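Engineer: Build the 3D model from these lines:
(one chain, ligands or ions: 1)
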Amino acid sequence: MSTQREPIAVIGTGYVGLVTAAGFAELGSEVWCVDIDPGKVERLNRGEIPIYEPGLAECAERNRGRLHFSTDLAPALEHARLLFVAVGTPPTYSGDADLSSVNAVVDAMPASDRHALVMKSTVPVGTGASIRRIFAKQGKSGFAYVSCPEFLKEGSALQDFLEPDRVVVGDEGDWAGDAVVELYDPLGSALVRTDIASAEMIKLAANAFLATKISFINEIANVCEETGADVLEVARGMGLDQRIGTHFLKPGIGFGGSCFPKDVSALKQLAGNSGYHFQLLTSVIEVNELQKRRVVSKLQKHLGSLVGKKVALLGLAFKANTDDMREASSLVLAARLQADGAQVRAYDPVAEVEARRLLRGVEFADSALGALDGADACVLVTEWPEFRELDWDAVAERMAGRTVIDGRNFLDPETVAAAGFAYEGIGR
Ligand SMILES: NC(=O)c1ccc[n+]([C@@H]2O[C@H](COP(=O)([O-])OP(=O)(O)OC[C@H]3O[C@@H](n4cnc5c(N)ncnc54)[C@H](O)[C@@H]3O)[C@@H](O)[C@H]2O)c1
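Structural biologist: This next block holds a predicted model:
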């Protein structure tokens, strides 16, 4: 790899920041990372990666000499012109994005004609324009600005970084946009170079569309349950139509995670703030909320009242291959089950630490079989590969009841039924 690659800075070393840093280091850049969390920076400097993301620890280790971590902005500003911003933009109570971390970064920038902020954080349309206005007011008009939204998926984030479907660069046609395009050039992916507002909208629209696809197939699944069709056959038959495509047509217990719920709500809110009622997204959100709760009625159908019933949850993370618990469907499901009087015992291979913090009154087991011990019902919540390997005859010996709800259509219904269980998936 060339040693001539442009050094960069990454502000915010969470899921996006760390993957961006490790990915650009892999491509040969020196990367100067900044985070306000001193504990995180200390761990990173010891060579520890504080999140679970396949391949990330190995990539960071391979490139350790090129990765620098600090709580101090000064070395980043000294060594890099391009400052990639990857701080959180969580939802506020109103559904708008909370831009306080982004604003803190903007305020911390010095006046400069040499630097550019490259926004990876997902922000409302108009944020770039408003940051330019703030820069102007603060006497920092020379600071360039590029919108470069991130499309990685947790669980395959590094691979997504290195093999993106496309790179979107929104800028004003200046040196900073050119420099960002050049940085991504070795990846050889499709490039969408556009204006800043359009780049911001591409990110929000893409996530809203994917969320719509999920809510759509979940509603089809619910109708399949009423009509005797099998949603997996339906999704396959639909998805092979190239105009539709097979991705994101997987029915389940609703979407969660740090992006879809907040980005859909942020786009709905953004539209509302501009005087437009985005009716479709209102429904997408509502369908998703109802979907998380449908498992409870499925359990009631098999167990009657849930008072005193022991329910085992297999998996808690919002999806497999991540430890991210943000907006996980398991949070709503566990709370609903507890509200109906059930005792909840759970197991997740990597998300337990965060799950313990978020889930009060839930008992944690250190294996799937441990969670299933004495349970009246099993609910598969997260599609961790190890759950496919379960020996259902052994499970039958451990469980008190015979109900298995497969919230991801992940298990083989015949194998589960052969062990004497009543199996129920979603939409079949
Ligand atoms: N996680 C994803 O899958 C994903 C995918 C695409 C886009 N995004 C977007 O990327 C952004 C970051 O998401 P994330 O999941 O990586 O968040 P995260 O919460 O994992 O990480 C954010 C990091 O920023 C740090 N931080 C906060 N304020 C700071 C400041 N002023 N200076 C320096 N560091 C600061 C925090 O300490 C934290 O380490 C969000 O806008 C999100 O919507 C996330």
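Engineer: Now do the contacts for residue 377.
Structural biologist: 299, 302, 303, 309, 310, 311, 312, 401, 403, 404, 405 (Cβ atoms under 8 Å, 6 or more residues apart in numbering). From N, CA and C alone the C-beta is placed, and that goes for glycine too.
Engineer: go with 6 Å
Structural biologist: The neighbours of residue 377, taking Cβ atoms under 6 Å, 6 or more residues apart in numbering as the test, are 299, 303, 311, 401, 403.
Engineer: Compare these and tell me which has the most neighbours.
Structural biologist: Counting neighbours by other Cβ atoms under 10 Å, the top entry in the contacts of residue 377 is residue 311, with 28 neighbours.
Engineer: So which elements touch the helix or strand hosting that one?
Structural biologist: Assigning secondary structure by DSSP states H and E places residue 311 in strand 310-314. With contacts taken as 3 or more Cβ pairs under 6 Å, 6 or more residues apart in numbering; DSSP states H and E, strand 310-314 sits against strand 343-347, helix 368-372, strand 377-380.
Engineer: Just the C-alphas of it, formatted as PDB.
Structural biologist: Output of strand 310-314 as PDB, limited to C-alpha atoms (Å, rounded to 0.1, in the frame of the first residue of the first chain):
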ATOM      1  CA  LYS A 310     -41.000 -18.500  32.300                       C
ATOM      2  CA  VAL A 311     -40.100 -17.200  28.900                       C
ATOM      3  CA  ALA A 312     -36.500 -17.600  27.500                       C
ATOM      4  CA  LEU A 313     -35.200 -15.000  25.100                       C
ATOM      5  CA  LEU A 314     -32.500 -16.300  22.800                       C
END
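Engineer: quick one: which of the contacts of residue 377 is nearest the ligand?
Structural biologist: Using Cβ to the nearest ligand atom, residue 311 comes nearest to the ligand of those, at 28.9 Å.
Engineer: Am I right that that closest one is in contact with residue 337?
Structural biologist: Yes - with contact defined as Cβ atoms under 6 Å, residue 311 counts as touching residue 337 (5.4 Å).
Engineer: Give me the common contacts of these two.
Structural biologist: Contact criterion Cβ under 6 Å, 6+ apart; residues shared by residue 311 and residue 337: residue 344.
Engineer: ok, now how distant is the residue in the chain positioned nearest to the ligand from residue 113?
Structural biologist: For the chain and the ligand, the shortest gap (Cβ to the nearest ligand atom) falls at residue 14, measuring 1.8 Å. Residue 14 is 30 Å from residue 113, where distance means Cβ to Cβ, to the nearest Å.
Engineer: swap in residue 297?
Structural biologist: Counting by Cβ to Cβ - residue 297 and residue 113 are separated by 61 Å.
Engineer: go on, residue 123?
Structural biologist: The spacing between residue 123 and residue 113, counted by Cβ to Cβ, is 24 Å.
Engineer: Report the buried residues of whichever strand or helix holds residue 169.
Structural biologist: Here residue 169 sits within strand 166-170, counting by DSSP H and E. Neighbour counts over strand 166-170 (16 or more other Cβ atoms under 10 Å) mark 167, 168, 169, 170 as buried.
Engineer: swap in stretch 270-288?
Structural biologist: Those would be 270, 271, 272, 278, 281, 284, 285, 287, 288, for stretch 270-288 by 16+ other Cβ under 10 Å.
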